[in-house]
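**Q** here is the input, now give the coordinates:
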Amino acid sequence: MENVETIDIARLEEAVVVFYRSNSQDQAITHEWLTKAEASPQAWQFAWQLMQLGKSQEVQFFGAITLHSKLMKYWHEVPPENREELKQKILETIVQFAAGPKLVLNRLCLSLSAYIVHMLEEWPCAIEEVIETFQSQRMPNVSADAQLWIMLEVLLGIPEEAQVIHTSVKRVTLRGEIGKRVPLVLQTIETFLKQQMGNEWDTEAYSNMTRAVKCVNVWIRNIGYCIEGCVSICAVLLEVVQKCYWPCIRSGVGCMSADENELAETCLSAMVSIIVQPDCHNYPKTAAVLIKMFLDSLCDITQVEWKRDNDNEDIIVHIYMLFVAAVERHSGLFLSGITTTDPELSAIWSRMVHEILQCTDKPGIYPVEESCSTMALAFWYMLQGDVLAMPDEQKHKCWEHIKPLYAHLTTVLVRKSEQPDESSIDKWNSDDLECFRCYRQDISDTFMYCYDVLGDYILEILAAMLDEAIVELQTHPTHWTKLEACIYSFQSVAEHFGGEESRQIPKLMRVLSEIPYEKLNEKLLGTALETIGSYCSWLMDNPSYIPPAIDLLVRGLNSTMSAQATLGLKELCRDCQMQLKPYAEPLLDACQATLVTGRMKNSDSVRLMFSIGKLMSLLPPEQIPKYLDIIVSPCFEELQSICQAGSTTPAARIRTIFRLNMISTLFSSLNTDLDDELKNAHNVQPVLLVMEKTMPIFRRIAEVWVEEIDVLEAACSALKHAIVNLRSSFKPMLQDLCYFIVASFQTRCCAPTLEISKTAIVIFFWEENCKPMMQQLLLEFIQHSFKLFENTPQQNFSNISDTMEMFFSCLTQIVKKVPQVLEDKTIAYDRLIYYAQRAMLLPENGPIRASTQFVTQFVMQSRNHAHMTEVMLASGEQIIQTAMICVGYMTPRQQVEKFADVFLSINKKYPAEMAVWLKNVMSVPNFPTELISEAEKQRYVSLIIKIKVNKRLLQQHLGELAVKTRGLVAIQSPVN
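**A** This is a model prediction of the structure:
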């Protein structure tokens, strides 16, 4: 920017107008210039010039925000002898703009607020004088309403300016000084509000009263005040709420105006701030008085508005917000109402519980017909948690007291979880439906809390409601929502009940199998299918209920609820696999028939393959090939067709990934070795039969889709699932797999191929007859990675960062799980360390994490092998230097702590060498940067060498070192 002395006012005005009236690109350029102008010392002069009468509103506003910015950030530029003059100029300019524009006047009021905060020590009566000046209407030619507006804006600004201004005074001291004025401010607001209570309120009155109440909120929230001193202001705020609400109700209008709503909500928000202050639990008697006041004043309003689609929902939301906040903040006081002999405290407990239960049970469906009930759900979690944490004797008494409450809550939650029916769903948009889905999940969690209190008794409550829902459905065949909600409630508590429950769950299963789904909404079928999946562990111990469960799931496969059906069937096949043996063949036929239709989504078809694999595993060996041919062959036929065509269109890519995912899922679940007896039998695994025929297709896929990493991931995932599932049974195909991997490496070294190599090495290296093959695979794994690294310019290593991350991550796991691989002296360990250091220097988190873990593991194993010790002695100093470059300036600061493991491992295995290496590295002038002194460097060298075990302390030291070497300012965390 030009020198500040040469800033031309005309040019500045022109830039301001351009900024406020131009597009975003021009704004960005102008904003930078204006920001520099604003920061210049000359801004103290031109701010006043820009606010002269006759200037455009944009220019005047920029002048006002410049003045405010200077007062916030550059107070040190104001000489003490000029401060009185500055005050007078601010006050004069406020008078000048008293009639508007309000935008400019607001900034001037904030400027006066900032000035007052800075001057509290020199002008201790500032707040008192400001209040007196405006209350007494001493401002010439300014209307009473305008003076009131100005006073309230100034008072509103003081606590907020105290939080953000740049000052040498400690915040806690500043807050303490301002805190001394809280009684005066509250008294001023209280007096003003009381004066208004007997008047008729126009728009201006509502606006000023809302601003006054906001003032209370801001002072309490930012500064705080003992709740013993807040009782009288709360009484006035409650009066204001009453006057906002009841006149419109009694006059028959019924709906509060926007002004009435805003003022009432602001009052309620201010009372929330008062009742949740950090130290208010120290005043339980006053808290009880305030809570009783809230209940006495507001319960009549909640009673009138306890209806669906009420006109005054916003005020009800804020009332319940106040109730819930009061109870959560004073939970100890609240719970003492259960066991107390004090009738008033007991009454508070009873009335507040009733109100929160009413909030939970608000008529209508959330969030379209009501918006309160979600606030109360957290209370029920808190209540049972707090009772659970009580001493035993007290806990038992409270537990018995809250049981009927949670029994009633259970019935309320069932009703609140009802879905919108066909007659009301048209009013719902996608956001409403998503909000309701989350709300239902919260209700599901709350059912769990109800179980914690009620135990098995919850099933009796749900079963009674299920009976009622069935009767209602028989009477009104279209009323399906209550039945669906009951089934959903059973689903929510399913995880607590095993096979021993023999009364209510059998009844549920019978109901699920007898519902005429074809006549009812499809959502009912979806919930029933999910519920079958939730009770699979119960079905395992009660197999007589499996056939009707299968019938229901098969019905679901051929419906619009196929996602829920495939999920339920997956759960059933996983938990009850052996119990499904008698039904395996017809169930497979049903799955096949569904797949053939092609109506299911790709994700549902992929999920169904898991169940197909589990069911196929149950068949006699001679029947499996038939189903492989029927179900699996189409997948490979399509893959072969796509490969032969050589088409790499987006559509072909989607189909290839889809078919590979189907095969991958099948390979993960198809395993005929179901028990130890069968493992000894000479049966060939079906997956091997498939792979023998299809390995050429996998190779061809790797060639055709060499540039599409997600296709390669899908292919390698299928092979990985086969290996992990079959383990030693996979050995006959191991050589073919190695050929596939090496062929893929020769085409392209990428993350998916590296991962499948690691999987094979970790599983099969231990088997003597496989060891030579795995040693060779490891060499190929390393050599092809080296070739990729060598062919990539180092400045472009970020382009292969995912491959480098996978390489070192896999290598770390191999070294951890199969340390014998390190006995091979033909591996180029020095190059491994070299490339690990290159990965450390990358900006991406993945390679940094993987390479530091590898180096750490390498160092820890190196003393066991002479050839590795030689590499470490030759490379140790270089590793230390690289790590220090990373800590000093190269690595993103949040990743610096990862290098602690490298230093600790070297210090553990090479302590003497470490001391020498670190001193040599740090003795280089200006290393790692010139921003740290030699003395500081030596101090950190000593600290790092000294720490041999305490990782957290070393991380702390490295973090501090990184701050110093980068010239940053350390920010201390606030002390709680």
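**Q** low-confidence ranges in this structure?
**A** Applying pLDDT under 70 to the chain flags the ranges 1-6, 23-26, 675-683, 969-976.
**Q** need the residue closest to the centroid of it.
**A** By Cα atoms, centre = their mean, the chain has its centre lying nearest to Cys438, at 14.0 Å.
**Q** now do that one against Tyr366, distance only.
**A** 10 Å (Cβ to Cβ, to the nearest Å). All C-beta atoms are positioned from the backbone trio N, CA, C, and that covers glycine.
**Q** and if you look at Glu780?
**A** 60 Å.
**Q** how far away is the residue lying closest to Lys771 once chain neighbours are set aside from His721?
**A** Spatial nearest neighbour of Lys771, excluding adjacent residues (Cβ to Cβ, 6 or more residues apart in numbering): Phe765 at 6.0 Å. Distance, Phe765 to His721, by Cβ to Cβ: 20 Å.
**Q** kindly report the same for Ile642.
**A** Ile642 sits at a distance of 21 Å from His721 (criterion: Cβ to Cβ).
**Q** repeat for Cys226
**A** According to Cβ to Cβ, Cys226 and His721 sit 65 Å apart.
**Q** so those two - more neighbours on which side?
**A** Taking neighbours as other Cβ atoms under 10 Å, Cys226 and His721 compare with His721 leading, 21 against 14.
**Q** contacts only, for the more buried one.
**A** By Cβ atoms under 8 Å, 6 or more residues apart in numbering, the contact list for His721 reads 664-665, 667-668.
**Q** please repeat the previous calculation with a cut-off of 7 Å.
**A** 664, 667-668 (Cβ atoms under 7 Å, 6 or more residues apart in numbering).
**Q** likewise for Leu553?
**A** Shown in contact with Leu553 (Cβ under 7 Å, 6+ apart): 529, 532, 565, 568-569, 572.
**Q** buried subset of those residues?
**A** 529, 532, 565, 568-569, 572 (16 or more other Cβ atoms under 10 Å).
**Q** distance to Glu129 and secondary structure for these - can I get that in a markdown table?
**A** Listed next are those as a markdown table, based on distance: Cβ to Cβ, whole Å; DSSP: H, G, I helix; E, B strand; the rest coil:
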| residue | distance to Glu129 | secondary structure |
| --- | --- | --- |
| Leu529 | 73 | helix |
| Ile532 | 75 | helix |
| Ala565 | 76 | helix |
| Gly568 | 74 | helix |
| Leu569 | 78 | helix |
| Leu572 | 78 | helix |
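**Q** how about these in a markdown table, adding distance to Arg849?
**A** Listed next are the buried ones among the contacts of Leu553 as a markdown table, based on distance: Cβ to Cβ, whole Å:
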| residue | distance to Arg849 |
| --- | --- |
| Leu529 | 41 |
| Ile532 | 42 |
| Ala565 | 41 |
| Gly568 | 39 |
| Leu569 | 39 |
| Leu572 | 39 |
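**Q** quick check, nearest of the residues you listed to Trp705?
**A** Taking Cβ to Cβ as the measure, Trp705 lies nearest Leu569 of the buried ones among the contacts of Leu553, at 31.1 Å.
**Q** dump the residue contacts of that closest one.
**A** 553, 611.
**Q** change it to 8 Å
**A** 533, 553, 557, 591, 608, 611.
**Q** which ones among those map onto helices?
**A** Members of the contacts of Leu569 lying in helices (criterion: DSSP state H): 533, 553, 557, 591, 608, 611.
**Q** the fourth one and Lys570, how far apart?
**A** When Cβ to Cβ is the yardstick, Cys591 and Lys570 sit 11 Å from each other.
**Q** same question for the second one.
**A** Distance of Leu553 to Lys570, given as Cβ to Cβ: 10 Å.
**Q** tell me the contacts of Ser668?
**A** Ser668 makes contacts with 610, 613, 721, 724-725, as judged by Cβ under 8 Å, 6+ apart.
**Q** actually Pro686, not the one I wrote
**A** Contacts were defined as Cβ under 8 Å, 6+ apart; by that measure Pro686 touches 616-617, 624-625, 628, 670, 672.
**Q** out of those, the closest to Trp33 would be?
**A** Closest approach to Trp33 among these (Cβ to Cβ): Leu670, at 68.7 Å.
**Q** do I have it right that that closest one meets Leu689?
**A** No. Counting by Cβ atoms under 8 Å, Leu670 stays clear of Leu689, with 10.3 Å between them.
**Q** comparing those two, which shows the higher neighbour count?
**A** Leu670 (26 against 14).
**Q** residues in contact with that one?
**A** Residues in contact with Leu670, defined by Cβ under 8 Å, 6+ apart, are 612-614, 616-617, 686-687, 725.
**Q** the same query, at a cut-off of 7 Å, please.
**A** By Cβ under 7 Å, 6+ apart, Leu670 lies in contact with 613, 616-617, 686-687.
**Q** how about these in TSV, adding secondary structure and distance to Glu936?
**A** TSV is the format used below for these (DSSP: H, G, I helix; E, B strand; the rest coil; distance: Cβ to Cβ, whole Å):
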residue	secondary structure	distance to Glu936
Gly613	helix	62
Met616	helix	68
Ser617	coil	65
Pro686	helix	67
Val687	helix	61
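**Q** ok, and the most crowded of those residues?
**A** Counting neighbours by other Cβ under 10 Å, the top entry in the contacts of Leu670 is Val687, with 28 neighbours.
**Q** now do the contacts for that residue.
**A** 667, 670, 722, 726.
**Q** before we move on, what about Asn222?
**A** Going by Cβ under 7 Å, 6+ apart, Asn222 touches 159-160, 163.
**Q** now those residues: which count as buried?
**A** 159-160.
**Q** give me the subset of the contacts of Asn222 lying in strands.
**A** Residues of the contacts of Asn222 located in strands (DSSP state E): none.
**Q** out of the contacts of Asn222, who's nearest Phe497?
**A** Lowest distance from Phe497 to those (Cβ to Cβ) belongs to Gln163, with 52.6 Å.
**Q** if I look at the closest one, how far off is Val218?
**A** Where Val218 is concerned, Gln163 sits at a distance of 10 Å (Cβ to Cβ).
**Q** ok, Leu618 next?
**A** Distance, Leu618 to Val218, by Cβ to Cβ: 69 Å.
**Q** how about Ala839?
**A** The spacing between Ala839 and Val218, counted by Cβ to Cβ, is 52 Å.
**Q** repeat that for Lys307.
**A** Look at Lys307 and Val218: by Cβ to Cβ, they are 34 Å apart.
**Q** with neighbour numbers in mind, choose between these two.
**A** Neighbours per residue, other Cβ under 10 Å: of Lys307 and Val218, the larger number sits with Val218, 19 against 15.
**Q** next, the more buried one: secondary structure please.
**A** Counting by DSSP: H, G, I helix; E, B strand; the rest coil, the backbone at Val218 sits in helix.
**Q** Asn521 contacts His479, doesn't it?
**A** No. Asn521 is beyond contact range of His479, at 10.4 Å (criterion: Cβ atoms under 7 Å).
**Q** what about Val815, distance to Ala874?
**A** 19 Å.
**Q** more neighbours: which of the two?
**A** Taking other Cβ under 10 Å, Val815 and Ala874 do not tie; Val815 has more neighbours (18 against 12).
**Q** would TSV of the contacts of Leu670 with distance to Leu383 be doable?
**A** Shown next, in TSV, are those (distance: Cβ to Cβ, whole Å):
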residue	distance to Leu383
Gly613	46
Met616	50
Ser617	48
Pro686	54
Val687	53
